[in-house]
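S.K.: Fold the following.
(one chain, ligands or ions: 2)
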Amino acid sequence: MSTEITWLGHSCFAIRSGKYDLLVDPFLDDSPTAPVKAADVAADFILLTHAHFDHMIDAVPIANRTGATIVANFEICEWLKGQGVPEEKVIAMNVGGGADLAFGRAKMTPAKHSSSLPDGSYGGVAAGFILELGQKRIYLAGDTALTLDMKLFGLEGLDLAVLPIGDVFTMGVDDSIEAIKMLNPQRVVPCHYGTWPPIAQDATAWAERVRSHTAAEPIVLNPGESFEF
Ligand code: NI
Ligand code: MN
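M.R.: Ligands and ions are numbered 1, 2, ... in the order given. Have a look, this model is predicted:
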């Protein structure tokens, strides 16, 4: 089973796995770099790493339109239900836990970051995901600092890691190289950069450093670009 991943700018990814469309961290209508609008994306499942607006602001309208199920931490799921998302359309998790879902397995990994909702509500703790899609294991870091936990996330073998490299709000380029050494993924895709001037990065220079300092294959996408593996 092949897996197709499309970068929709910032930390938003569309993942097509088998017959399922997964949408990670939807931030489209107000994103300066998103190639599509929230009204135009498909989703069977929407995965949210944390509660910050630039990771979930379009989740409710997309879920309402598509009927997608939202996978997020307990606090975000409670907030979503308060926004009118039906109880049967949310799947609550917390860090360290995993669940077998229709598309595969999703495990919530700890991230070093904050997580307040757009209205100031407590959004639980920030997280990432390890997805098992068929035989493939994908780590989506979410917003995070470099953390020794990444050594653990890499233990079972990762086909792909998706890491923030923008600096300022998350780890930057230098720390991403150390993260890749610990995670030891076959491939690595950068995100959470280039959306606004404070998080601008030279992704080509980043890819050179990944090639010379790690065993991973860097895959730099432009917003709207996909790759299959
Ligand atoms: Ni954040
Ligand atoms: Mn963010």
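S.K.: number of nearby residues for the nearest residue to residue 68 once chain neighbours are set aside?
M.R.: In space, and not counting its chain neighbours, residue 68 is closest to residue 43: 3.9 Å by Cβ to Cβ, 6 or more residues apart in numbering. (C-beta placed from N, C-alpha, C; glycine too.) If you count neighbours by other Cβ atoms under 10 Å, residue 43 ends up with 23.
S.K.: what about the strands in this structure?
M.R.: Counting by DSSP state E, the chain has strands at residues 3-7, 13-17, 20-24, 45-47, 69-73, 90-93, 98-101, 104-110, 127-133, 136-140, 160-164, 187-191, 217-218, 226-228.
S.K.: now the helices for this structure?
M.R.: 53-56, 59-66, 74-82, 149-153, 173-183, 203-213 (DSSP state H).
S.K.: Give me whichever of those is most buried.
M.R.: Mean neighbour counts were taken over those using mean count of other Cβ atoms under 10 Å, and the top value, a mean of 22, falls to helix 53-56.
S.K.: Which strands or helices does that helix pack on?
M.R.: Here helix 53-56 touches no other helix or strand, going by 3 or more Cβ pairs under 8 Å, 6 or more residues apart in numbering; DSSP states H and E.
S.K.: which other residues reach that helix?
M.R.: 10-11, 25-27, 31, 48-50, 72, 76, 118, 142-143, 195 (Cβ atoms under 8 Å, 6 or more residues apart in numbering).
S.K.: which parts of this protein sit against ligand 1?
M.R.: Neighbours of ligand 1 within the chain, by Cβ under 5 Å from the ion: 52, 143.
S.K.: which bits of the chain sit near ligand 2?
M.R.: So far as Cβ under 5 Å from the ion goes, the chain lies against ligand 2 at 54, 143.
S.K.: Torsion angles phi and psi at the closest residue to residue 196 other than its chain neighbours?
M.R.: In space, and not counting its chain neighbours, residue 196 is closest to residue 32: 6.7 Å by Cβ to Cβ, 6+ apart. Main-chain dihedrals, residue 32, degrees, to the nearest 10: phi -70, psi -20.
S.K.: pLDDT score for residue 32?
M.R.: Looking at residue 32, its pLDDT stands at 98.
S.K.: State the distance from it to residue 136.
M.R.: 31 Å (Cβ to Cβ, to the nearest Å).
S.K.: Between the two, point out the one with more neighbours.
M.R.: residue 136 (18 against 10).
S.K.: Can you verify my assumption that the more buried one contacts residue 3?
M.R.: Yes. Using Cβ atoms under 8 Å, residue 136 is in contact with residue 3, at 5.6 Å.
S.K.: Please enumerate the shared neighbours of the two.
M.R.: residue 229.
S.K.: Nearest to ligand 2 among the contacts of helix 53-56?
M.R.: Closest approach to ligand 2 among the contacts of helix 53-56 (Cβ to the ion): residue 143, at 4.3 Å.
S.K.: That closest one: what's it in contact with?
M.R.: By Cβ under 8 Å, 6+ apart, the contact set of residue 143 is 11, 49, 50, 52, 55, 111, 113, 126, 164, 169, 170, 192.
S.K.: okay if I get these as CSV plus pLDDT?
M.R.: Below are the contacts of residue 143 laid out as CSV (pLDDT from 0 to 100):
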residue, pLDDT
11, 98
49, 98
50, 98
52, 98
55, 98
111, 98
113, 98
126, 98
164, 99
169, 98
170, 98
192, 98
